[in-house]
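Asker: Build me a structure from this.
(chains A and B)
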Amino acid sequence: GAVVSQHPSWVICKSGTSVKIECRSLDFQATTMFWYRQFPKQSLMLMATSNEGSKATYEQGVEKDKFLINHASLTLSTLTVTSAHPEDSSFYICSVPGLADTGELFFGEGSRLTVL
Amino acid sequence: KQEVTQIPAALSVPEGENLVLNCSFTDSAIYNLQWFRQDPGKGLTSLLLIQSSQREQTSGRLNASLDKSSGRSTLYIAASQPGDSATYLCAVFYSSASKIIFGSGTRLSIRP
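Answerer: Residues are numbered from 1 along each chain as shown, chains lettered A, B, ... in the order given. Here you go, the predicted model:
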């Protein structure tokens, strides 16, 4: 399966600053990547679908101007949380779909964001 | 509305026991169902993937079944070990909407 790497694994920032999280597909070219958010003891909620070379598709209720997604290459997607606030503190996870006919997903290790 | 439910939310059993985790989904028109394991503060590790045309998949001590007509999947863990302690999530992929919906997970604790 695909190997997915996220960086940083954890980050602490001050309120009002911006934080960038990277998601890399190390051994698989990914035209699509998914970004999820997970609050403590809750399941994963899809935030957006990152599309290589085009705009991301955001889920209802997710502010596209706050959560900037860039998918500039087939191996890298970035999520930037702009003007972060304490309520943005969460666990952010990206995933890469495997072979199209299986629908299998492979996940990164996640990035824990704490906004003070 | 497409929903995925996992019961129980938490489970604690002594080492060596066989156990079953449950996942139910409201819309049976699924493309596939995937079981994941998540350790605290970590990402998700894929355990088993069942396509809609399949009834079960096995990997080592794990066996996952799928019954689309009743909207259910089970994850069977044989001879449980303390290292199996984690949160187990099921996820259903609906091709019609290109959407994957996750259950809320079952937090499993295996007591030595």
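Asker: Please list all residues in contact with A:Leu116.
Answerer: Taking C-beta atoms under 8 Å, 6 or more residues apart in numbering or on different chains, we find A:Leu116 in contact with A:Ile12, A:Cys13, A:Lys14, A:Ser15, A:Pro86. (Glycine included, C-beta is placed from N, CA and C.)
Asker: How many neighbouring residues does residue 95 have?
Answerer: Let's take chain A. Residues lying near A:Ser95 (other C-beta atoms under 10 Å in any protein chain shown) number 27.
Asker: that's the other chain; I wanted chain B
Answerer: By other C-beta under 10 Å, the residues close to B:Ser95 number 12.
Asker: is it true that it touches A:Thr102?
Answerer: No - contact criterion C-beta atoms under 8 Å: B:Ser95 and A:Thr102 do not qualify, at 11.6 Å.
Asker: Contacts only, for A:Phe67.
Answerer: So A:Phe67 contacts A:Trp35, A:Met47, A:Ala48, A:Tyr58, A:Leu79, A:Thr80, A:Val81, A:Thr82 (C-beta under 8 Å, 6+ apart).
Asker: how close does the second one sit to chain B?
Answerer: Going back to what we said before, that points to A:Met47. Counting by C-beta to the nearest C-beta, to the nearest Å, the gap from A:Met47 to chain B is 13 Å.
Asker: Quickly list what the residue most central in space within chain A is bridged to.
Answerer: In chain A, the C-alpha nearest the mean C-alpha coordinate belongs to A:Trp35, at 3.5 Å (C-alpha atoms, centre = their mean). In this structure, A:Trp35 bridges to A:Ala48, A:Cys94 when assessed by DSSP bridges.
Asker: Next, the contact list for it, please.
Answerer: So A:Trp35 contacts A:23, A:46-50, A:67, A:69, A:77, A:79, A:92-94 (C-beta under 8 Å, 6+ apart).
Asker: which stretches of chain B form strands?
Answerer: Listed in chain order, the strands of chain B (DSSP state E) span residues B:4-7, B:10-14, B:19-25, B:32-38, B:44-51, B:56-59, B:62-67, B:72-77, B:86-94, B:99-102, B:106-111.
Asker: partners of the helix or strand of chain A with the lowest mean pLDDT in the sheet?
Answerer: The least trusted helix or strand in chain A, going by mean pLDDT, DSSP states H and E, turns out to be strand A:105-107, with a mean of 88. Note on strand A:105-107: by DSSP bridges, its sheet partners are strand A:90-97 (antiparallel).
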